[in-house]
Structure formats: C-alpha cells, structure tokens
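In: Any chance you could fold what I've pasted below:
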Amino acid sequence: AIKARNLRVNPVIRKIFGYEGELAYKNLKRNGVKGKVITATLAVSVIMFLTTNYFCNSVARANKFELDLPYQIVASCSLSESDKLRNAIGEMDGVDNVYGVSMIQFLFKKAPESTKELANTDIADQKFLLPEFADLSLAGMDVCIVDDKEFDRILEDNGLDKGAYYGDTLRGVLLNDYFHERKPSEVFNDGIIGQALHYDNAMENPPAIEIAGLIKYDGKNSILDLTPKGDIAVYVPTSMYYAKAKEVLPEDKLTVDLGVETTRHKEIHDKIYSLLENDGYHSYYCNDFADSLQVMDTITIMLKTAMYGFTGLLSLISVANIVNTISTGVLLRRKEFAMYKSVGLESGGFKKMLWLETLLYGMKALILGIPISLLLSYLMYRTFDSNLHIFDPDLIMYGIVMASVFGILGICMALSVNKIKNENIIDALKEDAV
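Out: Predicted structure coming up:
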C-alpha cells in the first residue's frame, strides 16, 4: 500500500501547474510499478538510440578510409601534354566534367625504412593548433593543385582577395576543418597565416607555399573533398604552382592529374587508357576508382543499417510496450476518471491533468536517459580519443529525441483517452476494475 506521506506534493508543483498538476503528480506516484515501467522503457529507448547514433558518427569520423571523391576516374600525363589530354577527354561522349586534381605531400615524419627527404617542420609547431586539437601530431600536409577557376571560387566563397594569390609568391589557402561535416571542426589558429610549407633544400623538391588564408569546409563545393577527412589540405592555383615548380624541378618530371566525372566509368576508363597508349603520351597512367569507392560505401552503409536497424527494432518494441501500458492503464482508471468528473472536474481540467501526467513521464524518462546517454557517449569517445580529438555529441539529434519522447507519450495518451471520453459517469462508477 502507498503511504500518505509518499503522496505529498511539493508546493511548487501546484503553484506552477495548479491543482491539475498536483493530481497528475499524485497519479504518477499511485501508478507505482506501471509508471516505473513506462519511465524505464522510455529511458532505455532514449539511451540506446542516442548512444548508437554517437557510435555510428564516431565510427564514420574515425574511418580515415571513407572517401567522398567527386570524380570516378583519374588520368595523368606530363605537364606539356595536359591541355591536349584534357580537351580529348572533355570531348568524349559520356564525360560530365574534367578538371585538375593533382596532389603532392609535404611529409614531416617518415617510416624508418623511408629515404624520402622531409619538409621543414616549422609549420607543424603545436602553437598553431587550437586547444581542441592540441594533441594532434601532424605527419604531413597535402597540397591540392586545382584549376584557377575552382581556386577563385574558393577565394570568393571565403571572402578572400584574389589579387594576393597571383603574384610573385606562391600562396595557398588552408582548409581549416578536420572532419568535413556541416558543423565546423577548426584545427588551426590565425598564427599559421604567413607560415610556409617548404624544404630546406629548395632544388629538386616542390616549391615553397605560403599559407595566406584559412578557408571553411563547404559541402556544396565538391573540390574540397579531394582529400579525406583527417588530412590537412592546402589549395593552390594550377597556373601559379607549375610556374614556380618549373624553377626548382625539371619540366619533364612535372605531371598533371585530371579527375573525370562520369556515370559510365568502365567504358570511359577504357577509352582514356587507349588514348594514352596510342597517342604518344608520356608519364601517363589511368585509374578507375568507382568500384573501390562503391565497396567502401557499401560497407559503411551496411554497418549503419545494421546498427540503426537493431536500435529501430528495439525502439518499436519499446513504443508498442508503452502504448499497451498506457492504454491498459487508462482503461483500468475509468472509475478514477469518472470520480473526478463526478466531483466537478471539468473537461478542460481533466485533459490538463492527463497532459501534465504525460509531461512528467517524459521529463522523468529524459532526466534519466539524457545524462546516461552522455556518459556512455563520453566513454566511447575516450576509446576513440586518438582519432576523434573532440567530444562533440549531436545536439540536434538530442533535441529530436526529446521531442519524440513527448510526441509518443502525447499520442498514446490522446488515443487512449479518446476511447473513454463519451463514457457514462454512473456506468463507469458501477463497473468493477478488471
């Protein structure tokens, strides 16, 4: 039996919600095990969904092999023949677009067996990192050599002056984003502006590049997806890069990579390869990335489908359990509701009492579910720590889940009450509870 003192209500509840709120609060306590089952079921559903969502996002972030390249084929040849190749590919039936995607790397660290010369490491100083990425160890930086018109678009989107990048010094912009997501994940402070990527021995190495600006990731500009998330990329214009490269490298060693967008990748690859072989191109190669990228995408989709599917199934079972519990509870409380109406509780007050019960159920479930979800997500973050760098739960998803909890409870309560709204008070008072 429930003792009277257990039904005492905090005066604040009555001041805020009125006597209907006081009744709703007492009803929650009277419901005992049934109320706890509803609260626990909701809390568990919230915890499972939010932790699974964080796990999926963390796996996607930590997966450095997940690429979102905008092109399907890459074709390469010597610098002197690049315009000829570009025009030939552009004229092929089935080619949607062709553009420069050349990339070089400035490495600051190397494997023990490597004999490759390393770049100057001044630019890799941790003083240029924001606090969230203070533990990031830079192994190198990618330099993406893109068509001038693409580079100009990047400058325009970020409000940078084009004139500063087409002068006597080779200047580039640094993509200041680690995860390539809608929410920014900035890595560097403004101190890195003016620093240079360079080799101590200038000759026989790529030309020095001054960082003249920081740019933001924009998912609408596919050229910013030339490197995978987690790589630090600097963008430079083609005309300026090769003009400076000729000063430190033999021109016959300079090559240009062209990205080709097409929906008929196998056919176009064979055409380009035949063209390279038969038309006397030098230092050429051609590679079809489409199948490899599709395999990686399929694995990622399968993983997410399995995890979200499992969570979705459990959530549906939980919702069904909540619907059943609330519906049964409302039917068993017919005499109670009839009694409220018989002593003068108006329809508006009755509905307010039930909606406040729903609100209190949801609040109790979220008070349990949200902190536990954050705790479990943080523990996951600690296991991914070397790859994630920042603890960044999806607050939008938390908001959606909170709204969903109140929505599910509200719909369940409304449907259940609708079944008894026209019931005769005297008949309900005479009927024994089943």
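
In: quick one, strands of this protein?
Out: Ranges of strands within the chain are 73-78, 95-100, 102-107, 140-146, 171-175, 196-197, 209-215, 233-237, 255-262, 285-288, based on DSSP state E.

In: what distance separates the shortest one from the middle of the whole chain?
Out: Relative to the centre of its chain, strand 196-197 is centred 31 Å away, using Cα atoms, centre = their mean, to the nearest Å.

In: contacts for that strand?
Out: With Cβ atoms under 8 Å, 6 or more residues apart in numbering as the test, strand 196-197 has contacts from 106, 119-120, 122-123, 141, 143, 172, 208-211, 234. (Each C-beta comes from the backbone N, C-alpha and C, glycine too.)

In: Point out where the chain drops to low pLDDT.
Out: Along the chain, segments meeting pLDDT under 70 span 1-32, 64-66, 329, 332-333, 336, 341, 343-350, 385-387, 419-434.

In: try 50 this time
Out: Applying pLDDT under 50 to the chain flags the ranges 2, 433-434.

In: Identify the residue nearest the geometric centre of it.
Out: Glu181 (5.3 Å; Cα atoms, centre = their mean).

In: Now that residue: closest residue in space, sequence neighbours ignored.
Out: Spatial nearest neighbour of Glu181, chain neighbours left out: Tyr217 (7.5 Å); criterion: Cβ to Cβ, 6 or more residues apart in numbering.

In: distance of that neighbour from Lys109?
Out: Look at Tyr217 and Lys109: by Cβ to Cβ, to the nearest Å, they are 25 Å apart.

In: of those two, who's got more company?
Out: Using other Cβ atoms under 10 Å as the criterion, Tyr217 and Lys109 rank with Tyr217 on top: 21 against 12.

In: got a list of what that one touches?
Out: Residues near Tyr217 by Cβ under 8 Å, 6+ apart: 175, 177, 180-181, 184, 224.

In: Output those residues as JSON lines; include the columns distance to Leu303.
Out: Output for the contacts of Tyr217, formatted as JSON lines (distance: Cβ to Cβ, whole Å):
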{"residue": "Leu175", "distance to Leu303": "27"}
{"residue": "Asp177", "distance to Leu303": "24"}
{"residue": "His180", "distance to Leu303": "19"}
{"residue": "Glu181", "distance to Leu303": "18"}
{"residue": "Pro184", "distance to Leu303": "26"}
{"residue": "Leu224", "distance to Leu303": "25"}
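
In: Which among these count as buried?
Out: Buried members of the contacts of Tyr217, counted by 16 or more other Cβ atoms under 10 Å: 175, 177, 180, 224.

In: Helices of the stretch 301-434 of the chain, start to end?
Out: In the stretch 301-434 of the chain, the helices defined using DSSP state H, counting those that start in this stretch lie at 334-342, 347-383, 385-388, 395-418, 425-430.
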